[in-house]
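Asker: Quick one, structure for this:
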Amino acid sequence: MMAARAEEEGGDDAAEPAGLWERLRERDEACFESLVQTIGPRLYRAAYGLVGDAHAADEAVQETLLVLWQRGHRLPPGTSLRSWVFAVLANQCRKQGRAHCRWLRMLGRLRRHAPATASGAEPSAAMAEDVDLAAALATLGEGLRQVVVLRHMEGLSVRETASALNLPPGTVKRRTHEALACLRDRLRREERES
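Answerer: Below is the predicted model of the structure:
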């Protein structure tokens, strides 16, 4: 219990390689390329969870990496790279706009009710689960969705999530609780309807 609490509060900032900031400050291209290979897939997964659209997620990740290259070397030593990068990503996803979120909600409902793919074949179980997850996340407000994606899909600690979203840790905990309750209620409703 205590170890889980420490993990929740602290995260793994220590997992950042020694000398990373110094190499980024020197604009070391090899270091940046290695960093992109390491965090790129995680950024994409988080962005997709936040915006629910592959193109928009790819756009947000590209913009985040551009900001990392242009501004990352200016951050003071001791700044958590992980928290900072996910904060930039969350801001880039916000820039996608609320209209896009409404569009995704509508698409999620259409996908959920579509009996088969365009070719007439049944979608794979993994694809159906992804669509269900995207649809469920799309029903959450932006603040709740951000916390769920960063905490539960990306594994950021409460402190890292709070730093990434510029929120107090108590707000992150409250939003996490509220979001999970909303998702549980949705799941129960869907089970009763089926």
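Asker: What helices and strands are in contact with the longest helix anywhere in the chain?
Answerer: Assignment by DSSP state H gives helix 169-193 as the longest helix of the chain. Packing contacts for helix 169-193, counted by 3 or more Cβ pairs under 8 Å, 6 or more residues apart in numbering; DSSP states H and E, involve helix 125-138, helix 142-148, helix 158-165. To be clear about C-beta, it is placed using only N, CA and C from the backbone, and glycine gets the same treatment.
Asker: got TSV for the ones you listed, with mean pLDDT, distance to residue 84 and mean neighbour count too?
Answerer: Below are the helices and strands packed on helix 169-193 laid out as TSV (pLDDT from 0 to 100; distance: least, Cβ to Cβ, whole Å; neighbours: other Cβ atoms under 10 Å):
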stretch	mean pLDDT	distance to residue 84	mean neighbour count
helix 125-138	65	24	15
helix 142-148	90	15	22
helix 158-165	91	8	23
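Asker: give me the low-pLDDT residue ranges for the protein?
Answerer: Low-confidence segments of the chain, defined by pLDDT under 70: 1-18, 21, 96-131.
Asker: what helix or strand is the residue nearest the centre of the chain on?
Answerer: By Cα atoms, centre = their mean, the chain has its centre lying nearest to residue 46, at 2.5 Å. Secondary-structure element containing residue 46, defined by DSSP states H and E: helix 29-51.
Asker: Now do that helix: everything it contacts.
Answerer: Outside helix 29-51, the residues that touch it by Cβ atoms under 8 Å, 6 or more residues apart in numbering are 20, 23-24, 54, 56-58, 60-61, 64-65, 68-69, 85-86, 89-90, 92-93, 96, 100-101, 104, 133-134, 137, 145-146, 148-150, 153-154.
Asker: May I have that helix exported as PDB, CA atoms only?
Answerer: What follows is helix 29-51, C-alpha atoms only, in PDB (Å, rounded to 0.1, in the frame of the first residue of the first chain):
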ATOM      1  CA  GLU A  29      20.700  15.800 -32.600                       C
ATOM      2  CA  ALA A  30      21.500  12.100 -31.800                       C
ATOM      3  CA  CYS A  31      20.200  12.600 -28.300                       C
ATOM      4  CA  PHE A  32      17.000  14.200 -29.700                       C
ATOM      5  CA  GLU A  33      16.500  11.400 -32.200                       C
ATOM      6  CA  SER A  34      16.900   8.800 -29.500                       C
ATOM      7  CA  LEU A  35      14.500  10.700 -27.200                       C
ATOM      8  CA  VAL A  36      11.900  10.900 -30.100                       C
ATOM      9  CA  GLN A  37      12.200   7.100 -30.600                       C
ATOM     10  CA  THR A  38      11.800   6.500 -26.900                       C
ATOM     11  CA  ILE A  39       8.900   8.800 -26.100                       C
ATOM     12  CA  GLY A  40       7.200   9.200 -29.500                       C
ATOM     13  CA  PRO A  41       5.000   6.200 -29.200                       C
ATOM     14  CA  ARG A  42       3.900   7.200 -25.600                       C
ATOM     15  CA  LEU A  43       3.200  10.700 -26.800                       C
ATOM     16  CA  TYR A  44       1.100   9.400 -29.600                       C
ATOM     17  CA  ARG A  45      -0.900   7.100 -27.400                       C
ATOM     18  CA  ALA A  46      -1.600   9.900 -24.900                       C
ATOM     19  CA  ALA A  47      -2.500  12.300 -27.700                       C
ATOM     20  CA  TYR A  48      -4.800   9.800 -29.300                       C
ATOM     21  CA  GLY A  49      -6.500   9.300 -25.900                       C
ATOM     22  CA  LEU A  50      -6.900  13.000 -25.500                       C
ATOM     23  CA  VAL A  51      -8.200  13.900 -28.900                       C
END
